[in-house]
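Asker: sequence first, predicted coordinates after that:
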Amino acid sequence: MPSIDVCFSPELLRLYDLKGKAVVAVDILRATSTMVTAFAHGAADIYPVMQLDECLAFSEKGCLTAAERDGIKAEGFDLGNSPFSYMVPELKGRTIAITTTNGTRAIRLSEAAEEIVIGAFLNLETVAQHLQELGLDVIVVCAGWKGMFNLEDTLYAGALTERLQEQFTFENDATLAALHLYQTAKADLVTYLQQSSHVRRLQRLGIQRDIEFCLQHDVFEVLPVWKKDKLVDLKANPTLV
C-alpha cells in the first residue's frame, strides 16, 4: 500500500527523498488555486518560474505574464495572483508564465519527483482520484509563507489525506496532524482561518472574496501536472499521461 506524507515547507524538502514519488504542490492562497482556475478557463499551459525577470522574458515569446510579490501584483506584468483575473475568455488557448512569492518555488524545488501534481481545494477530488490511479507514494509539499509553516496549505494536506486514508498509509505524524486539523476545521474553513497569518495578510489587501473562493471544494475537474518544463492539464490532454 502506498504512503502519504506531508512536508510543511519547501525548506524541509532536503529531508525527503522525492525520487519515484508523486508530489502534490499546494499554495491555497493563492498560486495553485489560481493555476487550477486558469486551466479551468482554457489556459493551454503554464510555466511556473522563480524570478521576476525570468518570468517577464516570456512575454517575448508571446506568453501572458503573471507575477505576485507579498500578495500584490508585480508592476509590468499582465496578471497578478487573483483567480478572478483568470476567468476571462481572452485566456483560452494562451500560455502563461507565472512567478509568485511561495507557490512557484514549491513546484520548482520538487522537480526530482516522479510526478508533480498541482493541488487546490478547487480540484481536490480530481487530484485524489489521480493519486489512487498512480499508486505512488505521495508527498504533499506545502508552499507555506517565505519558508515558514502556514495553516491553509496544511488544511489542504489534511483534506487530501481524508480522501485517501483508506488506500494510503501514513508515513509520519505530519500526516496525522494535518488530518486532525482539517477534521477540526472543515465545517467552516473560512471562519477557522480568520486568525491565520496569511489570511490576515490578504485581508489587509481587501481580497476576502479570493480567500472564500479558494476554500471551495471540488469546483473544477482539472489536473495540472508538470511535464518537462511546464504545467499541462491532463484532463484536457489525456494522451500525455
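Answerer: Done, it's in.
Asker: got the phi/psi numbers for the residue of the chain most remote from its centre?
Answerer: Relative to the centre of the chain, the most outlying C-alpha is that of Glu60, 26.4 Å out, by Cα atoms, centre = their mean. Main-chain torsions, Glu60, degrees, to the nearest 10: phi -70, psi -20.
Asker: what pLDDT does it get?
Answerer: Looking at Glu60, its pLDDT reads 95.
Asker: now do Thr239
Answerer: pLDDT at Thr239 comes out at 77.
Asker: now do Gly71
Answerer: 86.
Asker: hang on, isn't it packed against Leu205?
Answerer: Yes. At 5.3 Å, Gly71 counts as touching Leu205 under the criterion of Cβ atoms under 8 Å. C-beta coordinates here come from the backbone N, C-alpha and C atoms, glycine included.
Asker: okay, these two: which has more neighbours?
Answerer: Comparing Gly71 with Leu205 by other Cβ atoms under 10 Å, the one with more neighbours is Gly71, at 20 against 12.
Asker: all helices of the chain, in order?
Answerer: All helices of the chain, identified by DSSP state H, fall at 31-40, 52-57, 103-108, 124-134, 151-164, 173-185, 189-192, 197-203, 208-214.
Asker: hey, least reliable of the ones you listed by pLDDT?
Answerer: Lowest mean pLDDT within the helices of the chain: helix 197-203, a mean of 80.
Asker: give me the helices and strands touching that helix, please.
Answerer: Secondary-structure packing of helix 197-203 (3 or more Cβ pairs under 8 Å, 6 or more residues apart in numbering; DSSP states H and E): helix 151-164, helix 208-214.
Asker: one more pass at 7 Å, please.
Answerer: If you count contacts as 3 or more Cβ pairs under 7 Å, 6 or more residues apart in numbering; DSSP states H and E, helix 197-203 packs onto helix 208-214.
Asker: buried residues, the helix it packs on. List them.
Answerer: In terms of neighbour count (16 or more other Cβ atoms under 10 Å), helix 208-214 has its buried residues at Asp210, Ile211, Phe213, Cys214.
Asker: can you list contacts of that helix?
Answerer: For helix 208-214, contacts defined as Cβ atoms under 7 Å, 6 or more residues apart in numbering pick out Ile28, Leu29, Arg30, Ser33, Ser82, Pro83, Phe84, Ala120, Phe121, Val190, Val199, Leu202.
Asker: next, the contact list for the fourth one, please.
Answerer: The neighbours of Ser33, taking Cβ under 7 Å, 6+ apart as the test, are Pro83, Ala120, Leu122, Cys214.
Asker: can you pull the contacts of the second one?
Answerer: Put plainly, it is Ala120. Contact analysis of Ala120 by Cβ under 7 Å, 6+ apart lists Val26, Ile28, Thr32, Ser33, Val36, Cys214.
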